[in-house]
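Trainee: What follows is a predicted structure for the sequence shown.
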Amino acid sequence: MAKESFLVNRIKSVGFALRGAFLLIRTEASIKIQVCITLVMTAAGFYFDISHTEWIIQILTIAMILGIEGMNTAVEKISDFVQPEFDKKIGFIKDISAGAVMLVSIAATIVGLIIYLPKIF
């Protein structure tokens, strides 16, 4: 079997990643909520005409939340696969993963307040 070229491998990798992103959005309630918030914040950015720097910070913040939410889902899925029954150690791992999402969400909320409160008041 011939080895695939670097370019073919990269194209396949992008395809797998896109499939994973669509699966995540289609199947996970928490990410659906985050995508809705993303749309609201994007509309707010246009409405309040935020600066280029604010756009960059907002986009990076949104990407951070969506990414960590995806990683949290992956941790939960693999934990359930490895141990379908209740297990305190698996619960501990899942709680840590959920805690990471919460920390990023708090930071994102603070970023949003810093960007938008001055524009509202």
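Mentor: Noted; the coordinates are in hand. Numbers count the residues shown, from 1 in each chain.

Trainee: contacts, neighbours, all on C-alpha from now
Mentor: Noted.

Trainee: Now find how far off-centre the helix or strand where residue 93 lies is within its chain.
Mentor: Secondary structure from DSSP states H and E places residue 93 in helix 88-120. Relative to its parent chain, helix 88-120 has a centroid offset of 11 Å by CA atoms, centre = their mean, to the nearest Å.

Trainee: Show me what it is packed up against.
Mentor: On a contact count with 3 or more CA pairs under 8 Å, 6 or more residues apart in numbering; DSSP states H and E, helix 88-120 meets helix 52-82.

Trainee: Helix 88-120 and the helix it packs on, what's the angle between them?
Mentor: Angle of helix 52-82 versus helix 88-120, following axes from the mean of the first three to the mean of the last three CA atoms, to 10 degrees, is 160 degrees.

Trainee: Could you tell me how far the closest residue in space to residue 34 that isn't next to it in sequence is located from residue 100?
Mentor: Spatially, and ignoring its direct neighbours in sequence, residue 34 is nearest to residue 66 (6.9 Å; CA to CA, 6 or more residues apart in numbering). Per CA to CA, to the nearest Å, residue 66 is found 12 Å from residue 100.

Trainee: Look up how far residue 59 lies from residue 45.
Mentor: 10 Å.
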